[in-house]
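Novice: Sequence first, then the predicted structure:
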Protein chains: 2
Amino acid sequence: MFAVTILGNNSAVPAFDRHPTSQVVTHDGNNYLVDCGEGTQIQMINYKIRRSKISHIFISHLHGDHYFGLVGLINSFSLLGHKQELHVFGPSPLKEIIDLQLKVADTNLCYPLHIHTITEAATLLDNNKLTVKCFRTNHRIECYGFSFAEKRKLRKLNPDKAKEYEIPQAFYDRLKDGEDYTRKDGTIVKNEWVTEPGVAGRRYAFCADTKYDESLIPHIQGADMIYHETTYLDNLRERAETRFHSTTKQAATIAKKAGVKKLLIGHFSSKYDTLEEFEAEAREVFPNTDLALEGVAFTI
Amino acid sequence: MFAVTILGNNSAVPAFDRHPTSQVVTHDGNNYLVDCGEGTQIQMINYKIRRSKISHIFISHLHGDHYFGLVGLINSFSLLGHKQELHVFGPSPLKEIIDLQLKVADTNLCYPLHIHTITEAATLLDNNKLTVKCFRTNHRIECYGFSFAEKRKLRKLNPDKAKEYEIPQAFYDRLKDGEDYTRKDGTIVKNEWVTEPGVAGRRYAFCADTKYDESLIPHIQGADMIYHETTYLDNLRERAETRFHSTTKQAATIAKKAGVKKLLIGHFSSKYDTLEEFEAEAREVFPNTDLALEGVAFTI
């Protein structure tokens, strides 16, 4: 499974039962948290997100609505007996802020916490399943988006065929990697005789807070799904520009120009009590748009 | 009106739809916030607390479940266009923590914020309606309780009597203060002929986090209502002692020895999914005990 579950979709202040930014990217049994506004740990309880499965947290920038829930979550993990390492990525001085608050409370965490400072576009995580990269967005303060790319899937083995060609099971992993098999007599079993092509890795990108900026496109080009903020409806372009935010049609234009398959929109201003117009306006430009509604898990 | 509304009654981590510590003391149209755990601003929305009426916030200590919601609230006040001064009282380094987070976000508040550092028992606020004092409690880190004392009520004027004695209206306020009135001919109208005794000022005390400690008693003696924490049921006295917390019967014993009229108990451990036993145990020692249930306004 590769999905993103929305925990908060509002900007700045909580309103209309909408919460500040947070979402969970779930991939192959692991949870990766993206941003952590105030109340994220409560939203996790509400939506039954398994906190114990969170090993990495990515913070886009240090406006409060994107990280004021982080120190509480770090603290609760310890009180709940979290054991495994927790890696947090975010711009400076996130580490200083968290360390100060833990020190003041005389807190000794019961698990290893590593806070990594992001300073530029980089690869943050690269394991055998997933690559997570960050990229700069165009916001009032230093801010990063995050892209999640599944590793290219292994080829799909046909076990009946493999048996037919008398290939030992110990070689199966190498078949999945695309290797041919060479028999003792020197004859070759071509990989494509016993396997089928795997599916290409899927990609999701979180574009954080940003004004309209086409320099984001290379980082999200062709993604299966992106999240792009739409703080305002399109009649407030000027305000969006001044405040380094985007409108519905600007987000949809980025999605269209980047050739992505699906767009999620969120970070709605508290000016708006209802959201239908956001969906309608964005879909005029990019039909496959959905509102990033809280509690909904979108499969990538 | 003099009342306290509970916004959060749980300890440490949010659980069972209970939230970290926060309560609002309402007196004569003003709201005084006591502690501000994560999510307090959302609880204020849930329970229709008028944020614009909050002029003072008192933070007992710097364990996260008592203040992680503060910076978000300060920030939201600004985004919502708060105008009047806000005074925050708490132990060091609260000011440093808040200032750092505001600076990092490049936030300029649109109202004057004053963060006052508490270092010892002191009078924090003394206006013509209310006196707020802080006192040390016995916790793992520096921690303060807060007492709210109404000023002694003015004497109650009988306007018919005052007219009968031909006292000019301009003198009425001085009558309420207890003065006699001297006529031009030198004869005296005794104050008690035209007024009745006022009601004595009421008192509420918030005892914060603390282990059982009778040194609190002088600060809460005879109060109309106190809040005392009961993190554990009474069978966990040892654990309470180790963690600088109190049990049901310990809280009730303090209330009884201090001769208060009513006891509220809260700061329940997340070990407990239900709370009936808390009430039952405390009432064995001090019958006029209520659970500090969230959303309930207790009239003092």
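Specialist: Received, thanks. The structure displayed is predicted, hence computed values, not measured ones.
Novice: Let me see the contact set for the residue in the stretch 101-250 of chain A positioned nearest to chain B.
Specialist: Evaluated by Cβ to the nearest Cβ, the stretch 101-250 of chain A has A:Val104 as its residue closest to chain B, separated by 4.7 Å. No exception for glycine: its C-beta is placed from N, CA and C like everyone else's. Contacts for A:Val104 were tallied using Cβ atoms under 8 Å, 6 or more residues apart in numbering or on different chains; they are B:Leu62, B:Pro93, B:Ile97, B:Ile141.
Novice: Okay, the last one and chain A: tell me how far apart.
Specialist: Between B:Ile141 and chain A the distance, using Cβ to the nearest Cβ, to the nearest Å, works out to 5 Å.
Novice: before we move on, what about the second one?
Specialist: B:Pro93 sits 6 Å away from chain A, going by Cβ to the nearest Cβ.
Novice: The third one now?
Specialist: Distance, B:Ile97 to chain A, using Cβ to the nearest Cβ: 6 Å.
Novice: near chain B, which residues of the stretch 101-250 of chain A?
Specialist: For the stretch 101-250 of chain A, the residues in contact with chain B (Cβ under 8 Å from any Cβ of the partner chain) are A:Gln101, A:Val104, A:Ala105, A:Asp106, A:Thr107, A:Arg140, A:Ile141.
Novice: Which residue is the nearest non-sequential neighbour of the residue of the stretch 151-300 of chain A found nearest chain B?
Specialist: Among all residues of the stretch 151-300 of chain A, A:Ser270 sits closest to chain B, at 8.1 Å; criterion: Cβ to the nearest Cβ. If you skip the residues right next to it in sequence, A:Ser270 has A:Ala15 as its closest partner in space, 3.9 Å away by Cβ to Cβ, 6 or more residues apart in numbering or on different chains.
Novice: Just list the residues touching that neighbour, thanks.
Specialist: Contacts for A:Ala15 (Cβ under 8 Å, 6+ apart) come out as A:Ser270, A:Asp273, B:Ile45.
Novice: now A:Ile226
Specialist: Residues in contact with A:Ile226 (Cβ under 8 Å, 6+ apart) are A:Tyr204, A:Ala205, A:Phe206, A:Cys207, A:Ile220, A:Ile254, A:Ala255, A:Ala258, A:Val260, A:Lys262, A:Leu263, A:Leu264.
Novice: per-residue confidence for the fourth one?
Specialist: The predicted local confidence for A:Cys207 comes out at a pLDDT of 98.
Novice: Where do the strands of the stretch 1-150 of chain A begin and end?
Specialist: For the stretch 1-150 of chain A, applying DSSP state E, counting those that start in this stretch gives strands covering A:2-8, A:22-27, A:30-36, A:54-58, A:86-91, A:113-118, A:122-126, A:130-136, A:144-150.
Novice: just to revisit the earlier point, dump the contacts of A:Val104 to TSV, plus pLDDT and neighbour count.
Specialist: Output for the contacts of A:Val104, formatted as TSV (pLDDT from 0 to 100; neighbours: other Cβ atoms under 10 Å in any protein chain shown):
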residue	pLDDT	neighbour count
B:Leu62	98	22
B:Pro93	97	16
B:Ile97	97	21
B:Ile141	97	14
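Novice: quick one: which two of those are the most distant?
Specialist: Maximum pairwise distance in the contacts of A:Val104, criterion Cβ to Cβ, is 13.9 Å, between B:Ile97 and B:Ile141.
Novice: those strands in the stretch 151-300 of chain A, which residues are they?
Specialist: Defined through DSSP E, counting those that start in this stretch, the strands belonging to the stretch 151-300 of chain A, from first to last, are A:156-157, A:181-182, A:188-189, A:195-196, A:203-206, A:225-229, A:263-266, A:289-291, A:297-299.
Novice: Which strands or helices does the fifth one pack on?
Specialist: In this case it means strand A:203-206. Secondary-structure packing of strand A:203-206 (3 or more Cβ pairs under 8 Å, 6 or more residues apart in numbering or on different chains; DSSP states H and E): strand A:2-8, strand A:22-27, strand A:144-150, strand A:225-229.
Novice: Could you identify which of these is most buried?
Specialist: Per-residue neighbour counts averaged over each of those give the maximum for strand A:225-229, namely a mean of 29 (mean count of other Cβ atoms under 10 Å in any protein chain shown).
Novice: Note down every partner strand of it and its orientation.
Specialist: strand A:203-206 (parallel), strand A:263-266 (parallel) (DSSP bridges).
Novice: follow-up on the earlier one: what sits in contact with each of B:Ile97 and B:Ile141?
Specialist: Jointly contacting B:Ile97 and B:Ile141 under the rule Cβ under 8 Å, 6+ apart are A:Val104, B:Leu62.
Novice: picking that back up, columns distance to A:Ser215 on top of the strands of the stretch 1-150 of chain A, output as CSV?
Specialist: Written out in CSV, the entries for those read as follows (distance: least, Cβ to Cβ, whole Å):
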stretch, distance to A:Ser215
strand A:2-8, 23
strand A:22-27, 23
strand A:30-36, 21
strand A:54-58, 20
strand A:86-91, 18
strand A:113-118, 17
strand A:122-126, 16
strand A:130-136, 8
strand A:144-150, 11
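Novice: With mean pLDDT added, can I get those in JSON lines?
Specialist: Putting those into JSON lines (pLDDT from 0 to 100) gives the following:
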{"stretch": "strand A:2-8", "mean pLDDT": "97"}
{"stretch": "strand A:22-27", "mean pLDDT": "97"}
{"stretch": "strand A:30-36", "mean pLDDT": "97"}
{"stretch": "strand A:54-58", "mean pLDDT": "97"}
{"stretch": "strand A:86-91", "mean pLDDT": "98"}
{"stretch": "strand A:113-118", "mean pLDDT": "98"}
{"stretch": "strand A:122-126", "mean pLDDT": "97"}
{"stretch": "strand A:130-136", "mean pLDDT": "97"}
{"stretch": "strand A:144-150", "mean pLDDT": "97"}
